[in-house]
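Visitor: Here is a sequence with its predicted model. Questions after.
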Amino acid sequence: MGGPMSEALLAVNDLKMHFPVKSGLFSRTKAFNLAVDGVSFSIKPGETVGLVGESGCGKSTLGRCITRLYAPTKGNILFKGVDLAPMTHKQLLPFRQNIQMIFQDPMESLNARHTVGEILEEPFLVHGIGNRQSRHQSVTRLLDIVGLPSRSASRYPFEFSGGQRQRIGIARAIALNPELIICDEPVSALDVSIQSQILNLLMDLQKEFNLAYLFIAHDLAVVKHISDRVLIMYLGQIVESAPSEMLYRNPLHPYTQSLISAIPVPDPHRKTRRIVLRGDVPSPIAPPSGCRFHTRCPIAEARCSLTSPDLLGKQPQHEARCLLLEGST
């Protein structure tokens, strides 16, 4: 993992992605899905920031906004100080070389009608890089980097295992030497033994190419060793942010405490207390008033349903969004 740098590679400020919910004969907008609702954070060069939360909390939507697969409703996406949020598709093209994405399902993200060679050659064609010979050499080099034989170029995605397909997806993501990669649950669809191989590959590539990662996952155990910092997301908002070791050692927010209590402990003699949350994640179309977590929080008070807390620093580099922590140090 990369060392700290003074200037952020990516700075996201008050980002919102509100999807209109339409109904009726004329498909009029009746409400909004507040998938991402006021998120701010930064990533330094060579740093890995983990983004963790349950399904439906808005993590993948946030990742797609940063890569501008979605045009955000509001906010700024500053990449090296340049705001990508208002840009058109044509204006974004040169920036897409520097920001790439690895998707959760490698089979869905790879064109089944193209060979692996064609899939890996496509980024060079889109950006007009190199000639036919140099592109073929680049494809061979990429396959070698991710641990696949050169003969893989003539085969199709369905001929590979899930882990091998994810290696192809990683090869495509690093093809244009990006500085930032959004990893959208890249190991959640893989067997546990394969997960560790892919995580090790990602960490090796980070050291070799000084890559920065936004590593999205729903499992805190997966991001524990790969992340420099961890963001906890709930119902469209960041509820806790801290350096990785600090977060695991001293989680402040009740939601983070619940997620950490669910991490399996590889010691049958060590007893841990599991914090089980009540109910389901509320709908982002009609989030609860006040603190969005109060309907499931085991320590919520009456005021939690009335006042929306801010994300405040409780300790150096450690922020949490909880009324019950306000004033604490």
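Guide: Sure, I can see it. Numbering: from 1, shown residues only.
Visitor: how deep is S55 tucked in, by neighbour count?
Guide: By the criterion of other C-beta atoms under 10 Å, S55 has 9 neighbours. For every residue, glycine as well, the C-beta is placed using N, CA and C.
Visitor: isn't it right up against I216?
Guide: No: look at S55 against I216 with C-beta atoms under 8 Å: they stay out of range, at 11.3 Å.
Visitor: which strand is the longest one in the protein?
Guide: Ordering each strand of the chain by length in residues (DSSP state E) puts strand 28-43 first.
Visitor: buried residues in it?
Guide: F32, N33, L34, A35, V36, D37, V39, F41, I43 (16 or more other C-beta atoms under 10 Å).
Visitor: Rebuild those as CSV, extending it with pLDDT and distance to H136.
Guide: Shown next, in CSV, are those (pLDDT from 0 to 100; distance: C-beta to C-beta, whole Å):
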residue, pLDDT, distance to H136
F32, 95, 48
N33, 96, 44
L34, 96, 47
A35, 96, 41
V36, 97, 40
D37, 96, 46
V39, 97, 41
F41, 97, 39
I43, 97, 33
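Visitor: Of these, just say which sits nearest to F124.
Guide: I43 (26.0 Å; C-beta to C-beta).
Visitor: so which helix or strand takes in M246?
Guide: helix 244-249 (DSSP states H and E).
Visitor: which parts of that helix are buried?
Guide: Neighbour-count burial for helix 244-249 [16+ other C-beta under 10 Å]: S244, M246, L247, Y248.
Visitor: any idea which of the residues you listed is the one closest to Q237?
Guide: Once C-beta to C-beta is applied, the member of the buried residues of helix 244-249 that ends up nearest Q237 is L247, at 16.6 Å.
Visitor: Pretty sure that closest one sits against L231.
Guide: No: using C-beta under 8 Å, L247 makes no contact with L231, being 9.3 Å away.
Visitor: Overlap of the contact sets of those two?
Guide: Common contact partners of L247 and L231 (C-beta atoms under 8 Å, 6 or more residues apart in numbering): E240.
Visitor: Tell me which stretches of this protein form strands.
Guide: Counting by DSSP E, the strands of the chain are 10-23, 28-43, 48-52, 74-79, 82-83, 99-102, 180-184, 212-217, 229-234, 237-243, 312-315, 318-320.
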